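Novice: fold the following, please.
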Amino acid sequence: MIEINMDERNRDSVMIMLREIVQNGNCRKIHIFEAGESPKMEFPTHCKDIREILKEIGIPCHIAGYKYIRDIIEILKKEPYKINKLVKEIYVEIAFKNKTTPSSVERAIRHAIEKAFTYGDSEEIYKYFGSSYSKDKGKPTNKEFIAMMTELIKREDRNEN
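Specialist: As a prediction, this is how the structure comes out:
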């Protein structure tokens, strides 16, 4: 636990620092208290959950597809209707943010999924994907994988609350 004494003089710099911590996925939840008071603000972050699951199924965190998948899931949690605009909007948004092309984003995600389903822990994959996964069916498409992961994270969030 980190304790930060926040007052009007350092409020902006503390908020910037906390935003960085959340964006980097280094914590699950931040509670802000002022001396002697109950929580003022709460910033939930889902990055750690996403990161843990991606790691468990075998997607290495050093490959670009890992970050792209994580970012896309965060977008879809806020705007689930965009799953139908994966290629035309979300890949473009992620590509722009990372100074690359939408086709590179798509390829990096496909590569990450391939890594997980080829070298990952099949028991962990089965745990998360259930009967929709089998060696016979092969790996899911990018859209199937991302939709399934987004639903999984949403379910985890509901169970947590």
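Novice: can we go C-alpha only for contacts and neighbour counts from here?
Specialist: Noted.
Novice: what helix or strand does the nearest residue to Thr141 once chain neighbours are set aside sit in?
Specialist: Leaving aside its sequence neighbours, Thr141 sits nearest to Arg110 (CA to CA, 6 or more residues apart in numbering; 7.6 Å). Element membership of Arg110 [criterion: DSSP states H and E] is helix 102-119.
Novice: distance check, the residue nearest to Thr141 against Tyr126.
Specialist: 19 Å (CA to CA, to the nearest Å).
Novice: neighbour count for these two, which is higher?
Specialist: Comparing Arg110 with Tyr126 by other CA atoms under 10 Å, the one with more neighbours is Arg110, at 19 against 14.
Novice: ok, the more buried one touching Glu144?
Specialist: No: using CA atoms under 8 Å, Arg110 makes no contact with Glu144, being 11.2 Å away.
Novice: check which element follows the least confident helix or strand in the chain by mean pLDDT along the chain.
Specialist: Ranking every helix and strand in the chain by mean pLDDT, DSSP states H and E puts strand 41-44 at the bottom, with a mean of 44. Remark: after strand 41-44, the chain's next helix or strand is helix 47-57, criterion DSSP H and E.
Novice: show residues contacting the next helix or strand after that next one.
Specialist: Sequence-wise, the next helix or strand downstream of helix 47-57 (DSSP H and E) is helix 64-78. With CA atoms under 8 Å, 6 or more residues apart in numbering as the test, helix 64-78 has contacts from 46-47, 50-51, 54, 59-61, 82-83, 90, 94, 105, 107-112, 146, 149-150, 154.
Novice: one step back: list the helices and strands the helix holding Arg110 packs on?
Specialist: With contacts defined as 3 or more CA pairs under 8 Å, 6 or more residues apart in numbering; DSSP states H and E, helix 102-119 has these neighbours: helix 64-78, helix 91-97, helix 142-160.
Novice: ranking the ones you listed by burial, who's on top?
Specialist: Sort those by mean neighbour count, taking mean count of other CA atoms under 10 Å, and helix 64-78 sits at the top with a mean of 19.
Novice: what is the mean pLDDT for stretch 70-85?
Specialist: In this model, stretch 70-85 has a mean pLDDT of 92.
Novice: all set, thanks.
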